[in-house]
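In: missing the sequence, but the structure's below:
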């Protein structure tokens, strides 16, 4: 409970989204368990889940394991791998249950520009869709981009299952501590699957995560700055070889006064 309270305070302080630590937050064995739990508890056989591609390798199999059907929507390098809301809405059928988002994205590094995120939220509300939102890379974004959880947008708190973890921002890979935040009516079913499949995340790892979220902010920012230095070194090196990158295209377009459709400044 101490970790859930601290995590609830962290999400509210950083993003302005509030979850009840007793009924709307669950600590999981990494974000991978959170993904599996969310799908197994809410996806019925035959339900369709819209998923962007490229996406993290485990998302599509997790949908299939839950009995769902994946409806892929392609993203393109030319658009900085931004998800096209028009294509998402075109993929919706009477069997569509949910939209699955993994942004900032592994493996592309893409982020959701605010206008795209707003449009996707409006689509979810209009079609009464659940949204599975894996935001484990929320702290690893750079330049002028500011991350917003899907659940903070109008009409989204009651339909978003937010997933995250401690592996990326807090360098706790291997400790296997993640979390899942959802409305109490949804979390109640998810907890049942969690209890029978796992019981709980390791107590020692939860103690470490509590210290991380309460005391670790200076180290997170120090690590993030070092990652950004390495990122810039690599991008500048690629550009020097004549290889294009999304960051380069965005800077060139800004100098011309005509920014690209979506600017990627992700992980």
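Out: That came through fine. In this text the structure is predicted, and so the values were computed from the model without any measurement.
In: residue 100 pairs with what?
Out: residue 51, residue 132 (DSSP bridges).
In: for it, give its distance to residue 147.
Out: Residue 100 sits 18 Å away from residue 147, going by CB to CB, to the nearest Å. C-beta: built from backbone N, CA, C; applies to glycine.
In: same thing with residue 201?
Out: Distance, residue 201 to residue 147, by CB to CB: 24 Å.
In: please say which of these two ends up with more neighbours.
Out: Just comparing residue 201 and residue 147: by other CB atoms under 10 Å the higher neighbour count belongs to residue 201, 22 against 18.
In: could you pull up the residues touching the more buried one?
Out: Contact partners of residue 201, counting by CB atoms under 8 Å, 6 or more residues apart in numbering, are 27-29, 176-178.
In: hmm, 10 Å instead?
Out: Neighbour list for residue 201: 3, 26-30, 33, 175-179, 194, 209 [criterion: CB atoms under 10 Å, 6 or more residues apart in numbering].
In: pull out the buried members of those residues.
Out: Among these, those classed as buried by 16 or more other CB atoms under 10 Å are 3, 26-30, 33, 175-179, 194, 209.
In: was I right to think residue 160 contacts residue 149?
Out: Yes: the pair residue 160 and residue 149 passes the contact test of CB atoms under 10 Å, sitting 7.7 Å apart.
In: poorly predicted segments of the stretch 101-250 of the chain, please.
Out: 247-250 (pLDDT under 70).
In: cutoff 90 now
Out: Scanning the stretch 101-250 of the chain for pLDDT under 90 picks out 141-144, 199, 244-250.
In: please, where are all the strands along the stretch 151-267 of the chain?
Out: Along the stretch 151-267 of the chain, counting by DSSP state E, counting those that start in this stretch, strands occupy 160-165, 178-181.
In: please name whichever of the ones you listed is nearest to residue 66.
Out: The minimum distance between residue 66 and the strands of the stretch 151-267 of the chain falls on strand 160-165, with 12.7 Å, by CB to CB.
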